[in-house]
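Participant: can't give you the sequence, but here's the structure:
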């Protein structure tokens, strides 16, 4: 398996522009998570999906952020309009409930590093 | 005012020595814990997990200890190698679905 695939790996954009980050989870995983990592706040959970349905989006910073999962193999995180304080590394992770543990072990993608000028 | 980043604890060890990385978790209701390793430019990678009904679990060169009384988790790495240099995060979960990550500890292995 190729693992969780994120694109783009790096994006530099100007304030006010729309940013779309993409994620392809591991096949067979039914949970998908979006995290943001910054020096100020560390790793923050933004939103997660189960079977393509958003379950908890309480971590989404504000209305400028939106996430979709139109099918089991694709998700997007969109920021519109972007601001310099959105600069961070955005990680997508996927998982499925382990039979032994009954919990999810997240497999992370390599991340998308966003810089908003 | 001036913004301040997270103070990331750091640990430096000699190659071949054992490393102990500590983590204090916040929610006494958390019942599942995972240690992740994050190398520069990569996403966090699973190392080892432990449920709250256990106080110790061993893997290959790694051991996780859980003290629920003081809400403390530790990761022990035996015979630390240069490839172990990374930032290590503990993550806690109550539901088994949502994980909350600590601030991380930066481990540097000195050859």
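Facilitator: That came through, no problem. Computed from a predicted model, the values in this text were never measured in an experiment.

Participant: stretch A:36-46: end-to-end distance?
Facilitator: 7 Å (Cα to Cα, to the nearest Å).

Participant: now that stretch: buried residues?
Facilitator: Across stretch A:36-46, burial judged by 16 or more other Cβ atoms under 10 Å in any protein chain shown covers A:36-37, A:42-46. No exception for glycine: its C-beta is placed from N, CA and C like everyone else's.

Participant: stretch A:73-88 now?
Facilitator: A:75, A:77, A:79, A:82, A:86, A:88.

Participant: let me have those residues in a markdown table, adding distance to chain B and secondary structure as columns.
Facilitator: As requested, these are exported to a markdown table (distance: Cβ to the nearest Cβ, whole Å; DSSP: H, G, I helix; E, B strand; the rest coil):
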| residue | distance to chain B | secondary structure |
| --- | --- | --- |
| A:75 | 15 | strand |
| A:77 | 15 | strand |
| A:79 | 20 | strand |
| A:82 | 19 | coil |
| A:86 | 15 | helix |
| A:88 | 12 | strand |
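
Participant: residues in contact with residue B:72?
Facilitator: Residues near residue B:72 by Cβ atoms under 8 Å, 6 or more residues apart in numbering or on different chains: B:22-25, B:66.

Participant: shouldn't residue A:85 be within a helix?
Facilitator: Yes. Per DSSP: H, G, I helix; E, B strand; the rest coil, residue A:85 lies within a helix segment.

Participant: how much space between the closest residue to it other than its chain neighbours and residue B:18?
Facilitator: The spatial neighbour of residue A:85 that comes closest, neighbours along the chain excluded (Cβ to Cβ, 6 or more residues apart in numbering or on different chains), is residue A:116 at 7.8 Å. Applying Cβ to Cβ, to the nearest Å, the value for residue A:116 to residue B:18 is 42 Å.
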